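[1] I need the structure of the sequence given here:
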Amino acid sequence: EKPTCPTSGRQHSGKCLMGAGVCYKCKKPGDMSYQCPQLKQPATGRVYVMKAEEADPE
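    Numbering: from 1, shown residues only. Predicted structure coming up:
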């Protein structure tokens, strides 16, 4: 169990980042966690399926 922070009222360890203007994920100043580039998922690949009749016979 983590201690309750007197600033934010949440349970966490380490320095409280609430109101510090830094991203909770990457800790960079000016970034916000909802805009963090580290949270963005990489694009997933797409697969296209063709029937034998649709394929080029060459």
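
[2] which residues of the chain score low on pLDDT?
    31, 40-43, 57-58 (pLDDT under 70).

[3] hmm, try it at 50
    The chain contains no residues with pLDDT under 50.

[4] centroid-nearest residue for it?
    The centroid of the chain falls nearest to Leu39 when counting by C-alpha atoms, centre = their mean (1.7 Å).

[5] do I have it right that that residue meets Lys25?
    Yes. If you go by C-beta atoms under 8 Å, Leu39 and Lys25 touch, sitting 5.8 Å apart. Every C-beta, even on glycine, is put in place using the N, C-alpha and C of the backbone.

[6] which element is the residue nearest to the centre of the chain on?
    For Leu39, there is no host helix or strand (DSSP states H and E).

[7] OK, contacts around it?
    Contact analysis of Leu39 by C-beta atoms under 8 Å, 6 or more residues apart in numbering lists Lys25, Ser33.

[8] next one: it from Tyr24, what distance?
    10 Å (C-beta to C-beta, to the nearest Å).

[9] what is in contact with those two at once?
    In contact with both Leu39 and Tyr24: Ser33, using C-beta under 8 Å, 6+ apart.

[10] my read: Lys27 touches Leu17, true?
    Yes. Counting by C-beta under 8 Å, Lys27 does reach Leu17; the two are 7.4 Å apart.

[11] these two - which one has more neighbours?
    More crowded of Lys27 and Leu17, by other C-beta atoms under 10 Å: Leu17, with 16 against 12.

[12] which SS state does the more buried one fall under?
    Per DSSP: H, G, I helix; E, B strand; the rest coil, the secondary structure class of Leu17 is coil.

[13] quick check on Thr4: phi, psi?
    Thr4 adopts backbone torsions of phi -80, psi 130, taken as degrees, to the nearest 10.

[14] what's near enough to touch it?
    Arg10, Gln11.

[15] quick one: contacts for Lys27?
    Lys27 neighbours (C-beta under 8 Å, 6+ apart): Leu17.
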